[in-house]
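**Student:** After the sequence you'll find the predicted model.
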There are 2 protein chains.
Amino acid sequence: MRLRIDLAYDGTGFRGWATQPGLRTVQEELEGALATALRVPRVILVCAGRTDAGVHARGQVVHTDLADDVAPDELRRLPRRLNGILDGDVRVRRCEVAPEGFDARFSALWRRYTYRIADRPELVDPLARASVLTWPRALDLDAMNQASQVLLGRHDFASFCKQRPGATTIRTLLDLGWSRDEWGYASASVVADAFCHSMVRSLVGCLISIGEGRRPVSWSEKILLAERRDPGVTVAHAHGLTLEEVAYPADDELVTRAQQTRARRTSLD
Amino acid sequence: MRLRIDLAYDGTGFRGWATQPGLRTVQEELEGALATALRVPRVILVCAGRTDAGVHARGQVVHTDLADDVAPDELRRLPRRLNGILDGDVRVRRCEVAPEGFDARFSALWRRYTYRIADRPELVDPLARASVLTWPRALDLDAMNQASQVLLGRHDFASFCKQRPGATTIRTLLDLGWSRDEWGYASASVVADAFCHSMVRSLVGCLISIGEGRRPVSWSEKILLAERRDPGVTVAHAHGLTLEEVAYPADDELVTRAQQTRARRTSLD
């Protein structure tokens, strides 16, 4: 039986999603809570977006395979039971039996992240300080949107990725747009089929330099076309970044989608 | 020279606004930071809304009188200087010379608070856990809005206030409305000329009982008319409450407004 779990976390106190010996990670905490709740020796989770240390999630999706079925009643009570075990910085929002062919990682159509920046002193909100970057200079969102346009589409994003041996850095950037949200923050919505390591934060770091006027609008295209990392591109701080949503196709397309994804890429975030 | 300061704080780590010996309060921290920044022995602040322990503010307004004028250049740098001294859970957003007759407390026309509740497991967001109440049962906002209607206007809110000797509990409730905000939270906007002690949280506690169906819609009117505290009314948790905004009249009406307020009330929150 494959279980789908939707969860949210404040990444501040975690060394990211993926288990690392001796460090507090979301994967390890949730796997431990599931093993306790389901009274099994071990649970292994596969997630849609392997967030880095300090990155948050509101729409993280994971799956796990269980040897024994969970009774419907127990499944209904599982979110509350898990939240009773877990610390308050990670919350399980939903647990359900995954449809046939569902794979949290390989069936996903796209991931959507937001990056939020308070670029004026009047915007700084202590209640949001864990998830909004404070920036000392005002950002020109028009310039940042112009510079974002050329990045859209299917490209080799090697310039914006920490390379992993044998992994492709070709991705399809479906959306990258800046706007003022209801709090006045400069907020980016970033959507791609998948992201390679540190990609969103490198894109944001590049665009911040353009937004504050240190670099021209044309700089983003120059960086992209170079297809190698440029020391001038800063990787923006982790805490401004939140994984908001992971989208999946209709149930009858899950298997096909997973097969396509596996064929195209050897490593996904 | 009277200084107006606008500030925001995460109330989690504070025992409220007002100084209490041996406890960490916003007033004491800000007074200390101002004394350091302005190199004066002591600063005394007057605030618009004396928030209780655990209550947050995005739009708190305070004033202080200084013996010596602050140079324009120094005033411009003051917010950044104060924020360098203060911990990250309180941020100064603006410092300016107050207009003639301005009094943060007595010139205010009204205060606006919000109270936010995540009443479904899918809404719970660890990033907002410091400022959103988690409630285990779904709330009926239509019922809560109906029950709120009868509370609007000028009344003796003794049923919803912790009495202070010699202080009136007559207030004018200008708005009390519930809606789903952009995150899906049940969110109340509560506006009054002023609030007596624990008034917003008692109103919210009463309305939650109606929203979850434990009490009829007519209950709020019954409580109001009794004009004394009812043990059935729970004071809702502090952490769901945020002071969002304080409104002042045009500069030429500041003196008159302060005189009116002082004449009408002996104690204000």
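**Tutor:** Perfect, I can see it now.

**Student:** which stretches of chain A form helices?
**Tutor:** Ranges of helices within chain A are A:26-38, A:72-85, A:141-149, A:199-211, A:219-226, A:254-264, based on DSSP state H.

**Student:** Looking at the ones you listed, which is nearest to B:Asp68?
**Tutor:** Closest to B:Asp68 of those is helix A:199-211 (Cβ to Cβ; 39.6 Å). Quick note: C-beta positions are derived from backbone N, CA and C, even for glycine.

**Student:** Please enumerate residues in contact with that closest one?
**Tutor:** Helix A:199-211 is contacted by residues A:52, A:113, A:115, A:117, A:135, A:139-141, A:143-144, A:147-148, A:151, A:157, A:159-161, A:171, A:176, A:178, A:186, A:188, A:190, A:192, A:215-217, A:219-220, A:223, A:232-238, A:240-241, A:269 when judged by Cβ atoms under 8 Å, 6 or more residues apart in numbering or on different chains.

**Student:** Please convert the buried members of those residues into ChimeraX selection syntax.
**Tutor:** Buried residues within those, by 16 or more other Cβ atoms under 10 Å in any protein chain shown, are selected in ChimeraX with:
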select /A:52,113,115,117,135,139,140,141,143,144,147,148,151,157,159,160,161,171,176,178,186,188,190,192,215,217,219,220,223,233,235,236,237,238,240,241,269
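
**Student:** Of the contacts of helix A:199-211, which ones also sit close to chain B?
**Tutor:** When contact is defined as Cβ under 8 Å from any Cβ of the partner chain, those do not meet chain B at all.

**Student:** Hmm, A:Gly240 is touching A:Asp119, no?
**Tutor:** No - A:Gly240 sits out of contact with A:Asp119 when judged by Cβ atoms under 8 Å, with a separation of 11.2 Å.

**Student:** center of chain A, which residue is that?
**Tutor:** A:Leu243 (3.7 Å; Cα atoms, centre = their mean).

**Student:** Looking at strand pairing, list the partners for the residue nearest to that residue when sequence neighbours are not counted.
**Tutor:** Among residues not flanking A:Leu243 along the chain, A:Ala57 sits closest, at 4.1 Å (Cβ to Cβ, 6 or more residues apart in numbering or on different chains). Counting by DSSP bridges, A:Ala57 forms beta bridges with A:Tyr9, A:Leu243.

**Student:** Just to check, A:Ala57 is in contact with A:Leu241?
**Tutor:** No - applying Cβ under 8 Å as the test, A:Ala57 and A:Leu241 come out as separate, 9.5 Å apart.

**Student:** okay, and the common contacts of the two?
**Tutor:** Taking Cβ under 8 Å, 6+ apart as the contact rule, A:Ala57 and A:Leu241 both touch A:Thr51.

**Student:** In chain A, where is pLDDT below threshold?
**Tutor:** Along chain A, the parts satisfying pLDDT under 70 run over A:265-269.

**Student:** Up against chain B, what does it have?
**Tutor:** With Cβ under 8 Å from any Cβ as the criterion, chain A meets chain B at residues A:6, A:8-10, A:56, A:58, A:79-80, A:83, A:88-94, A:121-122, A:124-127, A:129-131, A:182, A:242.

**Student:** repeat that with 6 Å
**Tutor:** Contact residues (Cβ under 6 Å from any Cβ of the partner chain) of chain A with chain B: A:8-10, A:56, A:58, A:79, A:88-89, A:91, A:93, A:121-122, A:124-127, A:129, A:131.

**Student:** ok, now how distant is the closest residue to A:Asp140 other than its chain neighbours from B:Gln20?
**Tutor:** Leaving aside its chain neighbours, A:Asp140 sits nearest to A:Gly211 (5.2 Å; criterion: Cβ to Cβ, 6+ apart). With distances taken as Cβ to Cβ, to the nearest Å, A:Gly211 is found 44 Å from B:Gln20.

**Student:** With neighbour numbers in mind, choose between the two.
**Tutor:** Remark: of A:Gly211 and B:Gln20, A:Gly211 carries more neighbours, 26 against 13, as counted by other Cβ atoms under 10 Å in any protein chain shown.

**Student:** Number of residues surrounding A:Ile210?
**Tutor:** A:Ile210 has 22 nearby residues by other Cβ under 10 Å.

**Student:** one step back: okay, the helices of chain A, which one's buried deepest?
**Tutor:** Counting by mean count of other Cβ atoms under 10 Å in any protein chain shown, helix A:199-211 has the highest mean neighbour count of those, with a mean of 25.

**Student:** Run a quick check on A:Met144 versus A:Trp178, I expect a contact.
**Tutor:** Yes - using Cβ atoms under 6 Å, A:Met144 is in contact with A:Trp178, at 4.7 Å.

**Student:** can you list the residues that contact stretch A:143-152?
**Tutor:** Surrounding stretch A:143-152, the residues in contact under the criterion Cβ atoms under 6 Å, 6 or more residues apart in numbering or on different chains are A:Leu173, A:Leu176, A:Trp178, A:Leu207, A:Ile210, A:Gly211, A:Val217, A:Ser220, A:Glu221.

**Student:** Dump stretch A:71-89 to CSV, restricted to CA.
**Tutor:** Below are the C-alpha coordinates for stretch A:71-89, written out as CSV (Å, rounded to 0.1, in the frame of the first residue of the first chain):
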residue,chain,number,x,y,z
ALA,A,71,-7.3,0.5,8.1
PRO,A,72,-9.5,3.5,6.9
ASP,A,73,-10.2,4.5,10.4
GLU,A,74,-6.6,4.5,11.4
LEU,A,75,-5.7,6.5,8.2
ARG,A,76,-8.3,9.1,9.1
ARG,A,77,-6.8,9.6,12.5
LEU,A,78,-3.2,9.4,11.2
PRO,A,79,-2.6,13.2,10.7
ARG,A,80,-3.6,14.1,14.2
ARG,A,81,-1.6,11.2,15.6
LEU,A,82,1.5,12.2,13.7
ASN,A,83,1.1,15.9,14.7
GLY,A,84,0.9,14.7,18.3
ILE,A,85,4.3,13.1,17.9
LEU,A,86,6.0,15.7,15.8
ASP,A,87,7.4,19.1,17.0
GLY,A,88,5.4,22.2,16.1
ASP,A,89,7.7,23.2,13.2
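
**Student:** quick one on the thing from earlier: pull the contacting residues for the residue nearest to the centre of chain A.
**Tutor:** Taking Cβ under 6 Å, 6+ apart, we find A:Leu243 in contact with A:Gly49, A:Thr51, A:Ala57, A:Gln60, A:Tyr113.

**Student:** pretty sure A:Val61 is in contact with A:Val246, am I right?
**Tutor:** Yes - with contact defined as Cβ under 6 Å, A:Val61 and A:Val246 form a contacting pair (4.7 Å).

**Student:** neighbour-wise, which of those two wins?
**Tutor:** A:Val61 (26 against 22).

**Student:** What's opposite the more buried one in the beta bridge?
**Tutor:** Assigned bridge partners for A:Val61, using DSSP bridges, are A:Asp6.

**Student:** separation between it and chain B?
**Tutor:** From A:Val61 across to chain B, the span is 13 Å (Cβ to the nearest Cβ, to the nearest Å).

**Student:** Enumerate every residue touching that residue.
**Tutor:** Taking Cβ under 6 Å, 6+ apart, one finds A:Asp6, A:Ala48, A:Ala104, A:Val246 in contact with A:Val61.

**Student:** Let's see if you can find the most crowded of those.
**Tutor:** In terms of neighbour count, A:Ala48 stands highest of the contacts of A:Val61 at 28 neighbours, by other Cβ under 10 Å.

**Student:** ok, so what distance separates that one from A:Phe102?
**Tutor:** Using Cβ to Cβ, one obtains 11 Å as the distance from A:Ala48 to A:Phe102.
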